[in-house]
Structures are given as structure tokens and as C-alpha cells.
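Colleague: this is the structure alone, sequence omitted:
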């Protein structure tokens, strides 16, 4: 079975900690060596806090990849797509690295975050940290069940992870698109449950789709269905979690895929008007203030390239001598 970083296909947790980071050193060898150790650090922390189901990953930003791994690059790794029409926009905010820890214990996440940052040291600067949490029975702060049609079980791995036939060099890795949404819950709550259900196209309690006879206009469910324009399934695993306090709130959307083009098309369906002038109506009540794309390498890839550099360095020394 493909070995991926533990946080990609993990089951939902109660708490999350996401660190948006930039690299502050030109010593690429040091960065590669430190990245290679991160999956093992997370595994060791999981053993220490085994009851908390701790998991996590490190992802490399699309703009930074060519700096740290110039020899090999995932075929479809690109910057986050340009999404802008009318009042709907998703401004790009590139980051070099993304670290995420999830578990059922807030204190375990905190300790894991400190441990990882101590390991990375002054080579990395944390630009933003975001605490996320599970809300009720897996709902967004809008009150609706989040991603009710998300893949489950082995289907998660099938849509998120590259297999050797797709890209042997990056097998076990995953493309990641990130959107940090900020909700306007005051306007949303003012709508009332009935209008909210019309916008979402789902029952607020059960999450079931509304019958066509009950729907007026286009819905969020219709614009986010996991079928492409060619009626083929969209390879998409959402690992979303709400964030916020009593002043501002939102959703951290994380979309993993082994077919990033289908995810880009899925995003465009949400943001751009179709022939009837329809877009995802939920975007009138939330805005993605941070948008970035990454690749989550497998632990094997991270370790393989750490050793490659060490081997090259030794060979260079032997030649000099």
C-alpha cells in the first residue's frame, strides 16, 4: 500500500493547528534534511499521544518547490488558479511551507507545533497560525454538515494519492489546494433556516439533498457536486475544519487530489457564472481571503532526496581528495 503522510487521509479530529510558513535561509540542503525528518517526528508524537489520534503533514508551496527540489517536480504543480468575477475573488497568497497537525487534544497539537518549530529553528518563519476545530457533528459554522458527499474509507486514498502509474517519482503524494474562508455569519443567520436550505440545496438537519420540486434557483449543492462537466467523478478529498472566535469565523478548506485539473475545474464552476448567469450562491456569504496550492510529498520522497544530497556531497568530497 502507498505510504503517505498521516494527515492526508486521516479521519476527522476534534482540533487542528495549521502553520503557514516561509523559509528564511538559502541553505537548501539544511531545509531538505529538516523536511525529511518531519513525518517521523509526527509519528513519534502520535505514539506519545496515541489516544488522541494525532496526525499531520508538511506540504511544499508551488512557488518554493523549484527552490528546494529543482531536480524533480510534480507534473501538475502550479500556483493557485486565478479566480475572479464580479464580487467573487480568491486572491493568491503563496507560502513556502504548510504544516498541519490534527488530533483530539488541543494540548497535543500545541506541543506538536512547538516541537516541529524547534526542529525547523530559525530556518523558517511562521507567517500565520490558525487553530481549527470540529463543530458539532462535523458541521460548518453555517450550521450545515460540511462536505456530506466526501469520499470515505479506501476511496479517500484512491482520489487523494498519486499511484505509481500516475507518477512513479511522487507515488504516495498529493496535490493540495487551500482556501481560508471568512464567513459573514450575521448576514447568513439573518436569512433564516428556510432560505438557507434553498441556498445550500440540502436539509439543514440531515444534510440530504432537497427534492427538485422544493428548490428555487441554483444551489450550493449543485455547484459543488463531485461530477465534472463531462459527468466523470471529481477526484477530491476535502479535509475542512472551521476556525474562529466570537469576532470572526470561517472555514479552512483543504482539497487533496491526484488529479488537480479536475479540482481547478470544480473551483471554476463555483466562482464563474454559467450560461444562465449562475454561480455558487454560498459565495455571497463567505470570502476566501487566503488561497494557495501545495504538494504533499510522501515520506519516502522526502527521505530519498535527503540522502541523495548527502551522497552527492560525499562523492564530491571524495573526488576533491
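Modeller: Okay, I see it. In this text, all values refer to a predicted model and were calculated from it rather than measured experimentally. Numbers count the residues shown, from 1 in each chain.

Colleague: alpha carbons only for contacts and neighbour counts from here, please
Modeller: OK.

Colleague: and the contacts of stretch 18-25?
Modeller: 95-101, 122-132 (Cα atoms under 8 Å, 6 or more residues apart in numbering).

Colleague: at 7 Å what do you get?
Modeller: Stretch 18-25 is contacted by residues 95-101, 123-131 when judged by Cα atoms under 7 Å, 6 or more residues apart in numbering.

Colleague: equivalent analysis for stretch 210-228, please.
Modeller: 198-203, 233-234, 266, 269-270, 278, 280-282.

Colleague: and for stretch 152-160?
Modeller: Here stretch 152-160 makes contact (Cα under 7 Å, 6+ apart) with 9, 174, 235-237, 256-258.

Colleague: what is the nearest of the contacts of stretch 210-228 to residue 80?
Modeller: Proximity of those to residue 80 (Cα to Cα) peaks at residue 266, which lies at 13.1 Å.

Colleague: the closest one sits in which helix or strand?
Modeller: Taking DSSP states H and E as the definition, residue 266 sits inside helix 260-271.

Colleague: just how off-centre is that helix within its chain?
Modeller: In this view, helix 260-271 has its centroid 15 Å away from the chain centroid, taken as Cα atoms, centre = their mean, to the nearest Å.

Colleague: out of the contacts of stretch 210-228, which one has the lowest pLDDT?
Modeller: In terms of pLDDT, the lowest of the contacts of stretch 210-228 is residue 233, showing 85.

Colleague: and for the closest residue to that one other than its chain neighbours, the neighbour number?
Modeller: Nearest non-adjacent residue to residue 233, counting by Cα to Cα, 6 or more residues apart in numbering: residue 227, 4.5 Å away. A count of nearby residues for residue 227, using other Cα atoms under 10 Å, gives 15.

Colleague: am I right that residue 107 sits in a helix?
Modeller: Yes: the assignment for residue 107 is a helix, going by DSSP: H, G, I helix; E, B strand; the rest coil.

Colleague: ranges for the strands of the protein?
Modeller: 15-23, 55-61, 84-85, 88-89, 97-103, 124-133, 174-183, 237-238, 241-244, 249-257, 286-296 (DSSP state E).

Colleague: now these in TSV, with distance to residue 4?
Modeller: Listed next are those as TSV, based on distance: least, Cα to Cα, whole Å:
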stretch	distance to residue 4
strand 15-23	18
strand 55-61	9
strand 84-85	33
strand 88-89	32
strand 97-103	14
strand 124-133	22
strand 174-183	8
strand 237-238	14
strand 241-244	21
strand 249-257	12
strand 286-296	9
